[in-house]
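[1] Model the following, please.
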Amino acid sequence: MIAGMSRTALHIGIVACSAEGASLCYRTICSEGESLMGSHNHPEVSMHTPPFVDHVNCMRAGDWQGVADQLIASAGKLAAIGADFLICPDNTAHRAMHLVHSRSPLPWLHIAEEVARESARRGYRKVGLTGTRALVESEVYPEKLAAFGITFVRPDSEQRERIDDIIFQELVRGIFTRESLQYLGTVVAAMKSAGCDAVVLGCTEIPLLVGSETLPLPTLDSTRLLARAALARAVG
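    Numbers count the residues shown, from 1 in each chain. Prediction:
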């Protein structure tokens, strides 16, 4: 170990996809680590990011084995530099996670499991799902929510297309507009009318769009919840 440096927590490896979501996750770990570890302190963090287009092309083609291969490649690089466990701040990529675990050199935290656990902790019984079309049409969240007895509402087909377009054409590029925020608000309002008591921000960039603004339902911020779970794991 380098003189003057100490290690008081596990080394977190971030397997990144989009820059915006991964950056928010990274910043949350570093900024909130201080409250757990003391002034200016946080766990050691390393991140690997392949060209985002490689993930996007596989996701668009429904090639989840291809997504899994990229996650495994990032995992190997992070393991080689000393990471102790891994997180992926990308909800859609978790469609490939069942293809990852048996080949991974390190354990992972699962973003949907952390969101489901927090939903149960807060006493929510029915939540709305938002995210990419590939994510909300999958069983990534339904399976994890069901383990806690929580039901869900998906956006309708038109809403899925519009939100997917907002994510890939705007949010992953760091573009956040009032129009898109207002549209998300109308979707969440419909979920509230359908009996939901919270909404999952199931795209790691959506919390950047929402910011300090309020939606018609309480939010479950998948990006920050994953980051906080990683912090808790790292400090034991």
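[2] and for the longest helix along the chain, what are the contacting residues?
    For the chain, the helix reaching the highest residue count under DSSP state H is reported as helix 19-37. If you take CB atoms under 8 Å, 6 or more residues apart in numbering as the criterion, helix 19-37 is touched by 8-9, 12, 14, 16, 40-43, 45, 47, 49, 52, 87, 89-90, 171-174, 203-205, 207-208, 223-224, 226-228, 230-231, 235. Every residue, glycine included, has its C-beta placed from N, CA and C.
[3] Keep only those of those residues that are in helices.
    Using DSSP H, the contacts of helix 19-37 in helices are 52, 207-208, 223-224, 226-228, 230-231, 235.
[4] Only whichever of those are buried, select them in ChimeraX.
    Buried residues within those, by 16 or more other CB atoms under 10 Å, are selected in ChimeraX with:
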select :52,207,208,223,224,226,227,228,230,231
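[5] As JSON lines, the ones in helices among the contacts of helix 19-37 with distance to T130 and pLDDT would be great.
    Output for the ones in helices among the contacts of helix 19-37, formatted as JSON lines (distance: CB to CB, whole Å; pLDDT from 0 to 100):
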{"residue": "F52", "distance to T130": "20", "pLDDT": "97"}
{"residue": "P207", "distance to T130": "11", "pLDDT": "97"}
{"residue": "L208", "distance to T130": "13", "pLDDT": "96"}
{"residue": "T223", "distance to T130": "13", "pLDDT": "98"}
{"residue": "R224", "distance to T130": "15", "pLDDT": "98"}
{"residue": "L226", "distance to T130": "16", "pLDDT": "98"}
{"residue": "A227", "distance to T130": "19", "pLDDT": "98"}
{"residue": "R228", "distance to T130": "20", "pLDDT": "98"}
{"residue": "A230", "distance to T130": "22", "pLDDT": "98"}
{"residue": "L231", "distance to T130": "24", "pLDDT": "98"}
{"residue": "V235", "distance to T130": "30", "pLDDT": "96"}
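[6] what's the closest of the ones in helices among the contacts of helix 19-37 to E143?
    Within the ones in helices among the contacts of helix 19-37, proximity to E143 (CB to CB) peaks at L226, which comes in at 16.9 Å.
[7] The closest residue to the closest one other than its chain neighbours: how many residues sit nearby?
    The shortest distance from L226 to any non-neighbouring residue, by CB to CB, 6 or more residues apart in numbering, is to I111 (4.7 Å). Neighbour count of I111, defined by other CB atoms under 10 Å: 27.
[8] got it, and the one 5 residues further on?
    A116 is flanked by 27 other residues according to other CB under 10 Å.
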